Structure formats: structure tokens, C-alpha cells
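Asks: Quick one: sequence and predicted model below, then my questions.
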Amino acid sequence: MKRQIRKRAAVITVSTLVAAGAVGVGIGTSAGAAPQKPPTKARIAALFDGWNAALKTGDPDKVADRYASDAVLLPTVSHKIRDTHAEIVDYFEHFLENKPVGKKIETIVNVLDENSAIDTGLYAFTLTDPGTGAKRTVEARYTYEYEKRGGKWLIVNHHSSVMPEG
């Protein structure tokens, strides 16, 4: 009797594993398509370099083009939430007057899946006063949420806030 129970348990276990494997193979893939690999943390962290390079062009449209059409920007030096392309361009028209150059201080990347990731941490911007040429550094906390849309990584949420005093 014990032998039959063990045999039945083994058959049920094997059947369950086979069934689960068959279901698991079908998840996340379409017929004939290879499953996508998640991006690396380094790849996501490097998206900031492209954004920073866009800043250096001085062209607010080039910067805004790195954002999805439905992106939300909570900018560093503005109290206004920017949730349209035009509002994001407007913010960068004014921000770019200060010739910002960003540098990450600390970054933490969380890859959520093959099409989404979050990069959060601390960065600093060197800003140049357009009137006097005086330079100052602003340290801030940031969060970029990225989504891969149409094969291109875009910012869907960007929050940046000046570091609190002390």
C-alpha cells in the first residue's frame, strides 16, 4: 500500500511539473518570438548621460524629446508640475539659460522588467548665472522612471528636488 501511495505521489508530482513547465514556457512570449532580456542596471544608469548631453546642446526640444508624450516632470527649480510636452519644453527653456551641467553623485537602479526601470539617487548641477557668469552648484535628489516604448527608452516620470539644508 505504501509503495502504491509513493508511486501515485511521484506520478502526480511529475505531471504537475510538466504542466507547470508547459504553462511557464508560454508566459511572456509570442509564437516564435524569443523572450526579451531585461536591461542591465548599467544601461539604465547610462540613460542619464544621454539626458545630460541633451542639456549641453542648449536646445529645450532635444531635452523634452527624451520624455514620453504623457510624462510628468516635477522639476528642481520650479514649483509647477509639468505634464505636457509643451510645459516640459517651457521648463527647459528657462533652466537651460543657466547652462546646467549635471553629475551623478549616487545612483540606485531598479530594473522592473524588460520595458521599465527606475533610476534614483543624488546628483549635482553646476549652473552659470547668465548675467554675471558666476557659477554655483545645486545638489538634488532625483528619480527617473523609464519605459521602453517603440524600442526607445523614454522618461515617463522625473522628480528632482533640491537637497534640504543641514
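Replies: Nice, thanks for sending it over.
Asks: show me where this protein has helices.
Replies: For the chain, the helices defined by DSSP state H occupy 2-26, 41-57, 60-64, 85-95.
Asks: give me the beta-bridge partners of the nearest residue to Ile81 once chain neighbours are set aside?
Replies: Spatial nearest neighbour of Ile81, chain neighbours left out: Leu74 (5.9 Å); criterion: CB to CB, 6 or more residues apart in numbering. From N, CA and C alone the C-beta is placed, and that goes for glycine too. Assessed by DSSP bridges, Leu74 has beta-bridge partners His159.
Asks: tell me the contacts of Leu74?
Replies: By CB atoms under 8 Å, 6 or more residues apart in numbering, the residues touching Leu74 are 81-82, 158-161.
Asks: Buried ones among those?
Replies: Buried by 16 or more other CB atoms under 10 Å: 82, 158-160, out of these.
Asks: got the end-to-end distance for stretch 78-98?
Replies: Taking CA to CA, to the nearest Å as the measure, stretch 78-98 stretches 14 Å from start to finish.
Asks: contacts for it?
Replies: Contacts with stretch 78-98, where a contact means CB under 8 Å, 6+ apart, come from 55, 58-61, 63-64, 67, 69-77, 127-130.
Asks: Stretch 52-72 now?
Replies: By CB under 8 Å, 6+ apart, the residues outside stretch 52-72 that reach it are 50-51, 73, 81-83, 85, 88-93, 96, 99-102, 147, 149, 154-158.
Asks: Quote the end-to-end distance of that stretch.
Replies: With CA to CA as the measure, the ends of stretch 52-72 fall 18 Å from one another.
Asks: And for stretch 90-106?
Replies: 28 Å.
Asks: now Pro39, nearest residue through space, not along the chain?
Replies: Sequence neighbours aside, Val111 is the residue nearest to Pro39 in space, at 5.9 Å (criterion: CB to CB, 6+ apart).
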